[in-house]
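> generate a structure from the sequence data that follows.
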Amino acid sequence: MQSSSPPVWLFVLLPIFFVGLWLGIIYLLRWFSGWGRLAESYQHDEEPSHIFRFESAYVGWVRFNGVLNLGITKSGLYLRPMFVFKLFHPGLLIPWQQLELDPRPRWFGMRRFRIKSHPKITLDLYPRGFQRVVGHVSEAPSN
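Okay, here's the model as predicted:
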């Protein structure tokens, strides 16, 4: 009886296929979230000292579930996905003056921020992340 083993090219192409698929998905997340457009205005590569890890939020149409680093600085709100999603997603520092809170709560207690310079891109924070931001907004300069 002859054993049939998979062809060698399968072992070479399969990892290449999955890496390409992952890169494509990450790039699509950048596009659907609006992260690329935000990065044109607010790219910031230095991570702030005060940061909360494993946060969840919607950026645009994309849900970053437990993979978002959320930082609070005097000048604004810092966002950066964790290492697996960092590719195509540079850190963002959105100035407090550009964030406008929608007064109406959303589903499951989420709160929505509109970004004044990019009105079609929204940031929806879950209650825990929102409370952390509100707890540190006193650090932000008042207008």
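
> ranges for the strands of this protein?
With strands called from DSSP state E, the chain shows them at 51-59, 62-72, 76-81, 92-95, 99-101, 111-115, 118-125.

> residue ranges with poor pLDDT in this structure?
Scanning the chain for pLDDT under 70 picks out the ranges 1-3, 136-143.

> can you rerun that using 90?
For the chain, the stretches flagged by pLDDT under 90 are 1-13, 45-50, 73-74, 83-86, 102-109, 131-143.

> ok, now which ones touch residue 55?
Shown in contact with residue 55 (Cβ atoms under 8 Å, 6 or more residues apart in numbering): 64, 66, 68-70, 125-126, 128-129, 132. Quick note: C-beta positions are derived from backbone N, CA and C, even for glycine.

> I should have written residue 61 there, sorry.
By Cβ under 8 Å, 6+ apart, residue 61 lies in contact with 32-33.

> if I look at it, how far off is residue 120?
Distance, residue 61 to residue 120, by Cβ to Cβ, to the nearest Å: 10 Å.

> appreciated, that's everything.
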